[in-house]
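**Q** Generate coordinates for the sequence data below:
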Amino acid sequence: AGNTLGSATVAADGTFTATLSSAQTNGQTVSATATDTAGNPSSVVTTTAPDTTAPAAPTDVQVSGDGETVTGKAEAGSTVAIKDADGNTLGSATVAADGTFTATLSPAQTNGQTLSVTATDTANNTSSATTTTAPDTTVPAAPTNVQVSGDGETVTGKAEAGSTVAIKDANGTTVGSTTVAADGTFKATLDPVQTNGQILSVTTTDTAGNTSSAASATAPDTTAPAAPTDVVVSDDGVTVTGKAEVGSTVAIKDVNGTTLGSATVDADGSFTATLSPAQTNGQTLSATATEAANNTSSATTTTAPDTTAPAAPTDVVVSDD
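**A** Here you go, the predicted model:
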């Protein structure tokens, strides 16, 4: 702009050294003229100052919603580099004359990664870094190593650190949740306790609201089935019918604990057990149901019909009178 930055008198040997009032270290063009004692100026000679000044850090830096590009502003003509947390260069671009840039990322960054952006000018001076955060649109992996405790009170496993694990029953009701620890492990308390072989689904949701696919876990089955109901012995004493837990095995026993018959409960919850031998003398029978996990219900009692005639009298004697 024609501002005088320094001046000096030329020595007898024709050399001079002028001190500049403000150091010129950014590649500025500097002009020099010589004026004699009569006030006559020479023609102008130009020179370029060294460029040792780093550009300003990029500004207005943003990652696109799809994680494929980074845009922002930086020194015109400089080269912008985008790096991940490990220092790997993911993309670069030359800043346009208007000071804007768009750099394409490879691979796209869609998991909330922190990126650093620097600008390097033509003299190879690099700015300080500006950081920006990629969008998080990546679903976490499904939880792994998921197990229900033997008492049915807790679920443990592994998932993305900082995410929230939700445990749901077959009806979609949340029965437990917890935040995953920094080491990727979790332990969630169940309410109510799950002790009847229920199948539970376990998902994890990250801080950006992305939810994983579900992992499944089966609760222990330590719950005895309900006692059979509507237990009736047929009039001929050959069968026992009733209702019990679907898929369980009903056992019919006499008062001595001898099994007289058994049957698997049908899908509609009903059963018919054949007795051997038939029970036709008013015997008391017990019926229990045992499910696949070998838990046995309490007993229901029923009475067989009494259609057996008593034995004929014996040792019958008429008195002398």
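**Q** Just give the nearest non-adjacent residue to residue 277, would you?
**A** Nearest non-adjacent residue to residue 277, counting by C-beta to C-beta, 6 or more residues apart in numbering: residue 260, 7.4 Å away. Yep, even glycine has a C-beta here, placed from its N, CA and C like the rest.
**Q** Checking that neighbour next. Helix, strand or coil?
**A** strand (DSSP: H, G, I helix; E, B strand; the rest coil).
**Q** Ok, the one 3 residues further on next?
**A** Following three-state DSSP, the label given to residue 263 is strand.
**Q** who's in contact with the closest residue to it other than its chain neighbours?
**A** Nearest in space to residue 263, with sequence neighbours left out and distances taken as C-beta to C-beta, 6+ apart, is residue 273 at 4.0 Å. By C-beta atoms under 8 Å, 6 or more residues apart in numbering, the contact list for residue 273 reads 239-241, 250, 252, 261-263, 287.
**Q** Between which two of those is the distance greatest?
**A** Greatest spatial distance among the contacts of residue 273 (C-beta to C-beta): 241 and 262, at 13.3 Å.
**Q** center of the chain, which residue is that?
**A** In the chain, the C-alpha nearest the mean C-alpha coordinate belongs to residue 204, at 3.0 Å (C-alpha atoms, centre = their mean).
**Q** mind listing what that residue touches?
**A** Counting by C-beta under 8 Å, 6+ apart, residue 204 touches 140, 142-143, 159-160, 163-166, 180, 211-212.
**Q** what about the helix or strand containing it, average pLDDT?
**A** Counting by DSSP states H and E, the element that carries residue 204 is strand 199-205. Looking at strand 199-205 alone, the average pLDDT works out to 98.
**Q** Tell me which residues of it come out buried.
**A** Neighbour-count burial for strand 199-205, with 16 or more other C-beta atoms under 10 Å as criterion, is recorded at 200-205.
**Q** same thing with stretch 258-277?
**A** 260-263, 265, 269, 271, 273, 275.
**Q** what do you get for stretch 238-252?
**A** Buried residues in stretch 238-252 (16+ other C-beta under 10 Å): 238-246, 248-252.
**Q** same check, this time on stretch 100-108
**A** For stretch 100-108, a neighbour-count test (16+ other C-beta under 10 Å) marks 101, 103, 105, 108 as buried.
**Q** can you map out the strands along the stretch 101-250 of the chain?
**A** Remark: strands assigned in the stretch 101-250 of the chain by DSSP state E, counting those that start in this stretch are 114-120, 130-133, 144-148, 154-158, 164-168, 174-179, 185-189, 199-205, 215-218, 229-233, 239-243, 249-253.
**Q** Switch the ones you listed over to CSV; also include distance to residue 59.
**A** Shown next, in CSV, are these (distance: least, C-beta to C-beta, whole Å):
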stretch, distance to residue 59
strand 114-120, 10
strand 130-133, 7
strand 144-148, 42
strand 154-158, 41
strand 164-168, 35
strand 174-179, 36
strand 185-189, 40
strand 199-205, 34
strand 215-218, 44
strand 229-233, 77
strand 239-243, 75
strand 249-253, 75
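**Q** related to what we said a few turns ago, can you redo the buried residues of strand 199-205 as JSON lines with distance to residue 133?
**A** As requested, the buried residues of strand 199-205 are exported to JSON lines (distance: C-beta to C-beta, whole Å):
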{"residue": "200", "distance to residue 133": "34"}
{"residue": "201", "distance to residue 133": "31"}
{"residue": "202", "distance to residue 133": "28"}
{"residue": "203", "distance to residue 133": "24"}
{"residue": "204", "distance to residue 133": "21"}
{"residue": "205", "distance to residue 133": "19"}
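**Q** In those, find the pair that's most separated.
**A** Farthest apart among these by C-beta to C-beta are 200 and 205. That separation is 16.3 Å.
**Q** which stretch of helix or strand covers residue 55?
**A** Per DSSP H and E: residue 55 is located in neither a helix nor a strand.
**Q** Can you tell me the closest non-neighbouring residue to it?
**A** residue 75 (3.8 Å).
**Q** pLDDT (mean, whole number) over stretch 250-264?
**A** When pLDDT is averaged over stretch 250-264, the result is 97.
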